[in-house]
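> Predicted model and sequence below, questions to follow.
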Amino acid sequence: MSPSRTTARDLERYAGLFARRTQEMKSSAMRDLMAITARPEVISLAGGLPDTTCFPSEDMAALMSRVAADASARALQYGPTEGMDELKDCIVQVMAEEGMDVGADELLITTGGQQVIDLVCKTLIDPGDVIVAEGPTYPGAVPTFGAYQADVVQIEMDADGMRVDLLEETLDRLEADGRTPKFVYTVPTFQNPAGVTMSLERRHELVRIAKQRELFVLEDNPYGLLRYEGEPLPPLYALDGGEFVIYLGTFSKILSPGLRLGWTAAPRPVLEKLNLGKQGVDLCSSTFSQFFVVEYFKRRDWRRLLGSFRDVYRQRRDVLLDALTEHFPGDAEWTRPGGGLFIWATLPSYIDTTDLLARALREHVAFVPGRAAYLDGRGGSSMRLNFSGVSEDDLREGVRRIGKVVNEQVRLYSTLTGTEPAAPRRAPGAENPPGAGHAGDSDDPGARIVPLRRRAGGER
Amino acid sequence: MSRVAVLEGGQSLERQVSLRSGARVRDALERLGHDVVAIDVGPDLVERLTDARADVAFVALHGRDGEDGTVQEILELVGIPYTASGPSACMRCMDKVLAKHALRDAGLPTPDFYAFSQTAFESLGAAHALPAIEERLDFPIVIKPASQGSALGIRFAPSAAEVPAAIIAAFSYDTKVLLERHVAGRELAVSVVDGPDGPEALPVVEAIPRGGDHYDFEARYEIGRTDFVCPAELDAETTQAAQSLALEAYRVLGCYGFARIDLMLDAASGELTVLEANAIPGLTETSLLPQAAEAGGLSFDAFVERVLDLALQRMAA
């Protein structure tokens, strides 16, 4: 009998032993829907996968043999919890690329960036503590916050990222209620899922607020180096000097997610606690993977691989933007990211994207319904679309299919209400070709691409 | 001992629940000493059924294809005896509109309703009839896709303004939608299992949403947001009335083997009405039919064995 099967009696017996926090780990209709997006015939824009075919397989073969030949016994052994020193030197290089100055002793190597989110919660969050996040926020962080029984407060965003003015209001309001958040979770650059980037002014503001209120900021920066246009902005960590900003980095998007290697840079007292937390979880991250990355940095040019990721993704982003212009209805809106992996599209408010996903799956296409990025039921008319892990042909065809079902619902709504559907979007013209501007180009009168709109008060 | 093919999974939106039902049924069959082969239903179904050389198929599928008569037609064609209802009863149960018409024609109480296909709105101007419907049904109106098994796509429209979006949501799941009068009251589920003396009703289960939010259908999908009480705390007379109404609905719809009938007990009038019937209700650890069976002294293994015997009997008959 397979161990995955349980009897009714087993379930009752186990249920009494479950921790209270498991009640936060919900089974939901959306999860069941998402489970069937993985079918091979489905074009899935729901993923967040890098295109690992960019990594030359002969490089992988050569490097793996070298690790095996030079360091077999060590690569198969446990390593230090904080990670290998040689790998920390590579991370120092990667962070320097974005203008961050970090010492090797300020780093903790983790099992993917996701582990940093978990360890930071483990270190800072007691049940009922407040975490402030963006709205929408990274859907993958939601179950982690839930598992630590955090109370998550989400701050609206616009084209310039988190509305820092609203953050201050919220912090004041929380303070008046006698509650002080432990940290602000943000993906400031090419945000997942919204695709927007926090402006320089807001970055300075956020760092100032954190210092003034002695509040941590967890800066999740997987995509900063995946910039397809425009000038880079300094990470919060660079602006703050590592005082109240805990930085999260990862090799997932610049090398490969299969390596499961990420890192955090944090003030030393925090780093010590994170290290203790990590010891309890997995002792150390894969030594083999660490050797592989060190070897990679020694023998290959990581910036070149990054360049090929950028070229492929930039092209795919443009294909996705063109397809949206061609197939989505006139009153749909979407963000136009200058980098990263995602576009956030918002449909007319009468369309529910969770229901729409069920319809779209019949056309063999999938996306992430917006509600997955909120803890408070918002996001019902939005969707996250990924372009990094989908071929150009599939992007065109996928968006055509989503557009078909969306337009069907738009027509039906106009029939039901006796109103005219919004005028169709004009065809992509030469006058304002997608791909010509840069992120947050909201003053371009020709751009129909409207960033994250403010939702009506009633929906909050 | 028989060789039993357990049909599970499939491509419906209820795939995950079906996999859990199937796993539990397989456990029971193995304990009963049967030779079990699991079939995750897909394009190779006919081939795999033939290869399995099964004596009987246990259909543990929910939703589209598995519960709507499609798989049952294939089983008839291949000539393998199978559990639960035949194609026509499955079709009637899966399509809430057909089921409600059948119940109403037979004189059984079901909340007032109107049903429309997408074509009716697109080509026949049904939208113009909405105000009249809204007047007749009173708000809030419940809007459902005709065929979705779980809570997906079910909405309450508290006023006319919410009706169009709710209809669009329902059309995401089916080409036919149902607008139904909302009954405020207690939600009851009565499972029926065939036996030597004909169908018998199991103890009544009541679903009580936590926080009392009867409008939140999603809550029913999330473990821990709805409490189930079995047997339901009802007086003997109401219990008996619920059970006999469920039995009548079971007969009218032509069910066989087992089924679950969902009822509403109107808080104001005390009247019982039939909401819908499930030809293959969930069989997981937390599903209602197995809970009711245990409360009625029928263990899950005994239930599985009985259902299997019934499948073989039907073929012999």
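Nice, thanks for sending it over.
> On the three-state scheme, the closest residue to A:Gly340 other than its chain neighbours is what?
Nearest non-adjacent residue to A:Gly340, counting by C-beta to C-beta, 6 or more residues apart in numbering or on different chains: A:Phe190, 2.7 Å away. Every C-beta, even on glycine, is put in place using the N, C-alpha and C of the backbone. Going by DSSP: H, G, I helix; E, B strand; the rest coil, the secondary structure assigned to A:Phe190 is coil.
> What about A:Phe190, how many residues nearby?
For A:Phe190, the count of nearby residues is 26 (other C-beta atoms under 10 Å in any protein chain shown).
> For it, which residues are in contact?
Taking C-beta atoms under 8 Å, 6 or more residues apart in numbering or on different chains, we find A:Phe190 in contact with A:Val196, A:Thr197, A:Tyr223, A:Gly224, A:Leu226, A:Arg227, A:Pro337, A:Gly338, A:Gly339, A:Gly340, A:Leu341, A:Phe342.
> Surely the fourth one is within a helix?
Think A:Gly224. No: assessed with three-state DSSP, A:Gly224 is coil; it does not lie in a helix.
> For it, give its distance to chain B.
Separation of A:Gly224 from chain B (C-beta to the nearest C-beta, to the nearest Å) stands at 36 Å.
> how deep is the closest residue to that residue other than its chain neighbours tucked in, by neighbour count?
Counting by C-beta to C-beta, 6+ apart, A:Thr189 is the residue found nearest to A:Gly224 once chain neighbours are left out, at 4.5 Å. By the criterion of other C-beta under 10 Å, A:Thr189 has 30 neighbours.
> Grab the nearest non-local neighbour of A:Lys211.
With sequence-adjacent residues excluded and distances taken as C-beta to C-beta, 6+ apart, A:Lys211 is closest to A:Phe244, at 5.7 Å.
> still on that earlier bit, for the residue nearest to A:Gly224, give me the backbone phi and psi.
phi -110, psi 120 (degrees, to the nearest 10).
> Could you double-check that it sits in contact with A:Gly340?
Yes: contact status for A:Thr189 versus A:Gly340: in contact at 7.4 Å, counting by C-beta atoms under 8 Å.
> How about the most centrally placed residue in chain A: what's its closest non-neighbour residue?
With distances taken as C-alpha atoms, centre = their mean, the residue of chain A nearest its centroid is A:Asn192 (3.4 Å). Once flanking residues are discounted, A:Asn192 sits nearest to A:Tyr138: 4.8 Å by C-beta to C-beta, 6+ apart.
> Now do the helices in the stretch 201-317 of chain B.
Ranges of helices within the stretch 201-317 of chain B are B:236-253, B:288-295, B:300-316, based on DSSP state H, counting those that start in this stretch.
> again with chain A
A:8-15, A:29-35, A:57-75, A:85-97, A:112-124, A:142-147, A:164-176, A:200-213, A:236-240, A:268-282, A:287-299, A:302-327, A:353-362, A:392-417 (DSSP state H).
> A:Pro80 contacts A:Cys284, correct?
Yes: the pair A:Pro80 and A:Cys284 qualifies as a contact (C-beta under 8 Å) at a distance of 6.3 Å.
> Comparing these two, which shows the higher neighbour count?
When A:Pro80 and A:Cys284 are compared for neighbours, A:Cys284 comes out ahead with 19 against 13, by other C-beta under 10 Å.
> Next up, the contacts around the more buried one.
A:Tyr78, A:Gly79, A:Pro80, A:Thr81, A:Gly83, A:Lys278.
> got a pLDDT number for it?
At A:Cys284, the pLDDT value in this model is 97.
> okay, stretch A:304-323 in CSV with CA atoms only?
The C-alpha trace of stretch A:304-323 is given here as CSV (Å, rounded to 0.1, in the frame of the first residue of the first chain):
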residue,chain,number,x,y,z
ARG,A,304,27.3,36.6,-21.1
LEU,A,305,24.7,34.1,-20.1
LEU,A,306,22.8,36.9,-18.4
GLY,A,307,23.0,38.7,-21.8
SER,A,308,21.4,35.8,-23.6
PHE,A,309,18.6,35.6,-21.0
ARG,A,310,18.0,39.3,-21.5
ASP,A,311,17.9,39.0,-25.3
VAL,A,312,15.4,36.1,-25.3
TYR,A,313,13.2,37.6,-22.6
ARG,A,314,13.1,41.1,-24.1
GLN,A,315,11.9,39.6,-27.4
ARG,A,316,9.3,37.5,-25.6
ARG,A,317,8.1,40.5,-23.6
ASP,A,318,7.6,42.4,-26.8
VAL,A,319,5.7,39.5,-28.4
LEU,A,320,3.5,39.3,-25.4
LEU,A,321,2.8,43.1,-25.4
ASP,A,322,2.0,43.0,-29.1
ALA,A,323,-0.3,40.1,-28.7
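> contacts for it?
A:50-51, A:54-55, A:225-229, A:253-255, A:334, A:336-337, A:341, A:343, A:385, A:387-388, A:390-392, A:395-396, A:398-400, A:403, A:428, A:434-435, A:449.
> let's see it at 7 Å
A:50-51, A:54-55, A:225-226, A:228, A:254, A:336-337, A:343, A:385, A:387-388, A:390, A:392, A:395-396, A:399-400, A:428, A:434-435 (C-beta atoms under 7 Å, 6 or more residues apart in numbering or on different chains).
> circling back: please identify every residue contacting each of A:Thr189 and A:Gly340.
Shared contacts of A:Thr189 and A:Gly340, counting by C-beta under 7 Å, 6+ apart, come down to A:Tyr223.
> There's contact between A:Lys122 and A:Lys278 in this structure, I believe.
No: A:Lys122 is beyond contact range of A:Lys278, at 9.0 Å (criterion: C-beta atoms under 7 Å).
> Could you check which of those two is surrounded by more residues?
A:Lys278 (26 against 19).
> show me the contacts for that one.
A:Lys278 touches A:Thr81, A:Leu108, A:Thr110, A:Leu119, counting by C-beta under 7 Å, 6+ apart.
> Distance of the third one relative to A:Leu271?
Here A:Thr110 is placed at a distance of 11 Å from A:Leu271 (C-beta to C-beta, to the nearest Å).
> Pick out whichever of the two has more residues nearby.
Per other C-beta under 10 Å, whichever of A:Thr110 and A:Leu271 has more neighbours is A:Thr110, with 29 against 19.
> any idea how far the more buried one lies from chain B?
Shown here: A:Thr110 relative to chain B, a distance of 31 Å by C-beta to the nearest C-beta.
> Identify the residue nearest that residue in space, chain neighbours excluded?
In space, and not counting its chain neighbours, A:Thr110 is closest to A:Gly262: 4.7 Å by C-beta to C-beta, 6+ apart.
> dump the residue contacts of the one you found.
A:Gly262 sits next to A:Thr110, A:Gly112, A:Gly113, A:Gln115, A:Val116, A:Leu248, A:Gly249, A:Thr250, A:Phe251, A:Ser252 when contact means C-beta under 7 Å, 6+ apart.
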